[in-house]
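A.B. asks: Give me the fold of what follows.
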Amino acid sequence: MDFHDLTVAARVLRKSPVFAVTAALTIALGVGASTAIFSVTNAVLLRPLPYRNPDRLVVACSDLRKRNVRDFPFSNADFIDLREGTKSVFDDLAGVFTFPFTLQREDGTPEQTNAAVVTINFFRLLGGGVAYGRDFNDDDAIPNPPAPPGAQQQGPPPPRLPAHAILSYEYFQRRYGGDPSVVGRSMSVAGPQAPTPIIVGVLQPHFQLYFPPETQILPAPDIWIANRLGYDAAQRMGVSIRAVARLRPGVTPEQAQAESEKVAASERAQFPILGTADYHIRVEPMRQHMVTQARPAILALMGSVIFLLLVACANVANLLLVRASLRNRELAVRAALGADRWRLMSPILAEAMWLAAGGTLGGLALAWAGIKELRSLAPADLPRLDTITIDTSVLAFTALAGLAAAILFGVTPALRASRPRLMNVLRGIGRNTGLGTGSMMRNIVVTAEVALSFVLLVGSGLMFRSFLELQRINPGFDSRNLLTFVLNGNNGATTPAANAAFVHQVEDRLRAIPGVQSVTGSFPFPLAGGYSPIRWGKGEALSDPSKFQAADFQIVMPGYFETVRTPLLAGRTFTDADNAPDRRLIIIDDFLAKKAFPGESAVGKRILIRVRTPEPEWMEIVGVVGHVRQTSLAVPGREQVYFSDGYVGPGAVNSWALRVTGDPAGYARQVRAAIKDVSPRLLITNLQSVDELVDHAQAQTTFSLLLIGVFAVIAGVLAGVGLYGVLSTAVRQRTSEIGVRMALGAGRQSIFRLIVGQGLSLSAIGVVIGVIAALMLTRLMTTMLVGVKSTDPLTFMAMMLLFFAIATASSWIPASRAAGVDPNKALREE
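C.D. replies: Got it, this is the predicted structure:
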């Protein structure tokens, strides 16, 4: 193939604009979809993390295997043990945890920010540079002095050291207008007990944290605070630290894992609380850890678009085979005059290259537009969502996809064109016999189209079934007409009594809003994140701590279950009299009740629980409620224990919920006004209907369903069009045969059934192949499915019926045309 071939091919395609545009658009759909999804794959799975030597970064986390707790953060003491015990494999080990942080502006109004507490080596380990000021140093990590014995009786505790903070560059620009003189200033915090941060530096732009969503690490903190906790004297009760380490040169993650496990084994032997929980430390490459949850869905989407691209190539290959069949006499004459196989193939290959080039450019344009839509449709917690773009890697993939498409849809027609049956053509036998096995190749290609499309249809069917199952799942509460928000800021209370008065004031003010039926609060709120496990056990756990088990806990106000409509199954809910620190009363869900007291009533019984004390306390069960899916709709989650707000400490709740009449969104302005009336120093965040929370919990399934469904529809349409093209060509080539059949007495219905039968036969072969392929490939979707198996027979049967409906529709017009053939005219033309 040379420049002359390309020039001639361009001229030929210009004379067939409908064919050229149809083929190029078909390839553009396949290449565009593949490029758009590859841009996601590249950003999330392939692109290195934006840190120094990211291939040597690992994440260490703890697993409590006997309590079925995974990816647990470290306590301060556990962190220091890990740091001291792994110096042979880690260059350094740093820690971080994040939280919402309410500041107070100069005018006294609150400002909601995100903060991170980090060890002083954090930025040096990851390679985060400082644009203004300085990085943290050893002085920033000096622990606050402990209160001396008897200090509460002798006077106030010793003054706390200032919290030294580094600002993110983005917050520095947004809040201070990029003024470098902020270094050295202090920041006002909305809370009497909170330390006042002093700004010591500003980070370089675009520094972010990359952890999986379930770790609840905020990706872009505004303020980074040096950790002043005294590790050596720290208790092992509170856990918050996420650990990141840099491997020493030549050390593998497996070696680091082995060394970390030695630390875990030592701690299990030394501390019963860790031994009974079967405490282990797991080390994973940081990028792998970040994408553990997202990887299956992204790979499934990538596989789907590759199948779509193959279907598009098969469709264009069929068009080229038909086109080549119309040129069989020309090709046979060229062969008779001495043209070699390469010269016969060159025109077809040249056309394929032009079509692939046009399709690739069109696909790139579609991908550019599609990426914008992907960003808006993708779940907000998809890692590195904001970095999805078309870069050099994506452009290289697009070019490779276009080249592969040209080869896939161009080579087969070209090979068939290079082997014309010269004698048949030159003798004039048949109208379109010059390609010999061309019709067989078209049948093979369309069968492959059907098989590939069927796999995509099964995948979309399984996702649709999962979506329906999610809709049917009872989350354990009624999300309709329910509004929720988080309340932050300084309420001015300094005593438990003042906190309790503040809570009642907020509750009364919200209840006074017209249309509000009831008001309650909790911490946290279902499906909003923030859950962590606690230990519970029966009496035998005192002598055998291994009997302790894990459960999620929630702090609620009296009236909570009535407002969210979680059903009460036994006993009673909390009353105002229960809402006190000396009332050791709890409510449990039916999962825990069945586990702790199988076949018995749990009401009135006691279990051991540790929440506010170093040792577990006996708590009396006053009620049993239905199980709530607290963290995910896809999985039931752990058992649950509910404490009253007053028992933990008045004001412990910060998530409020209102049961309203009508659309919850219509109450947003009134809620903000009510809270402002209570105190202008309070700040509302995450104001949304609970239905929105439920939608967010379904976002991953909805996103995958939408994309795979779109790809499957396109593939199904292309397969139907391909089948239509094959049958139309067959009818045209067999016109004389059909005429003979009709002359010999075959009826029009017989001819109609013949053509439809051919279409259904090709589809049946493709569906059989597709079923075998789908049974193997859909197993990769297991982690994406909810309430349905990857081999669900109902889905497979439904997709079979759907595809045979598509095949029947695609066969109808060619069959009708064949049945309408005039036998006299057909025989005269032959």
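A.B. asks: Return the helix or strand in this protein with minimum mean pLDDT.
C.D. replies: In the chain, no helix or strand scores lower on mean pLDDT, DSSP states H and E than helix 151-154, which sits at a mean of 47.
A.B. asks: Identify the residues contacting the first helix or strand past that one going along the chain?
C.D. replies: Following helix 151-154 in sequence order, the next helix or strand is strand 163-167 (DSSP states H and E). Outside strand 163-167, the residues within contact range by Cβ atoms under 8 Å, 6 or more residues apart in numbering are 123, 130, 133, 135-136, 140, 175-176, 182, 187, 195-203, 222-226, 228. (Glycine included, C-beta is placed from N, CA and C.)
A.B. asks: Pull out the buried residues from these.
C.D. replies: Neighbour counting by 16 or more other Cβ atoms under 10 Å classes 123, 130, 133, 135-136, 140, 175-176, 182, 187, 195, 197, 199-203, 222-226, 228 among the contacts of strand 163-167 as buried.
A.B. asks: Which of those residues fall in helices?
C.D. replies: Among these, the members found in helices (DSSP state H) are 123, 175-176.
A.B. asks: What is the nearest of those to G476?
C.D. replies: Among those, R175 lies closest to G476 (Cβ to Cβ), at 40.3 Å.
A.B. asks: Would you check how far apart the closest one and V182 are?
C.D. replies: Counting by Cβ to Cβ, to the nearest Å, the gap from R175 to V182 is 8 Å.
A.B. asks: Tell me where the stretch 201-350 of the chain is predicted with low confidence.
C.D. replies: Along the stretch 201-350 of the chain, segments meeting pLDDT under 70 span 230-237, 324-344.
A.B. asks: swap in the chain?
C.D. replies: Within the chain, the segments meeting pLDDT under 70 span 1-2, 146-158, 190-195, 230-237, 324-344, 416-439, 530, 733-734, 825-830.
A.B. asks: How is it partitioned into domains?
C.D. replies: Domain assignment for the chain by automatic domain parsing gives 3-44+295-471+699-829, 54-290, 491-680.
A.B. asks: who does the helix or strand harbouring A730 touch, helix- and strand-wise?
C.D. replies: Under the criterion of DSSP H and E, A730 resides in helix 699-733. In terms of contacts (3 or more Cβ pairs under 8 Å, 6 or more residues apart in numbering; DSSP states H and E), helix 699-733 is packed against helix 17-41, helix 295-325, helix 438-472, helix 748-777, helix 793-819.
A.B. asks: Same list, those, but as JSON lines with mean neighbour count please.
C.D. replies: Below are the helices and strands packed on helix 699-733 laid out as JSON lines (neighbours: other Cβ atoms under 10 Å):
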{"stretch": "helix 17-41", "mean neighbour count": "23"}
{"stretch": "helix 295-325", "mean neighbour count": "24"}
{"stretch": "helix 438-472", "mean neighbour count": "23"}
{"stretch": "helix 748-777", "mean neighbour count": "18"}
{"stretch": "helix 793-819", "mean neighbour count": "18"}
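A.B. asks: of these, which approaches T387 most closely?
C.D. replies: Proximity to T387 (Cβ to Cβ) singles out helix 17-41 among the helices and strands packed on helix 699-733, at 9.6 Å.
A.B. asks: angle of that closest one against helix 295-325?
C.D. replies: Angle of helix 17-41 versus helix 295-325, following axes from the mean of the first three to the mean of the last three Cα atoms, to 10 degrees, is 160 degrees.
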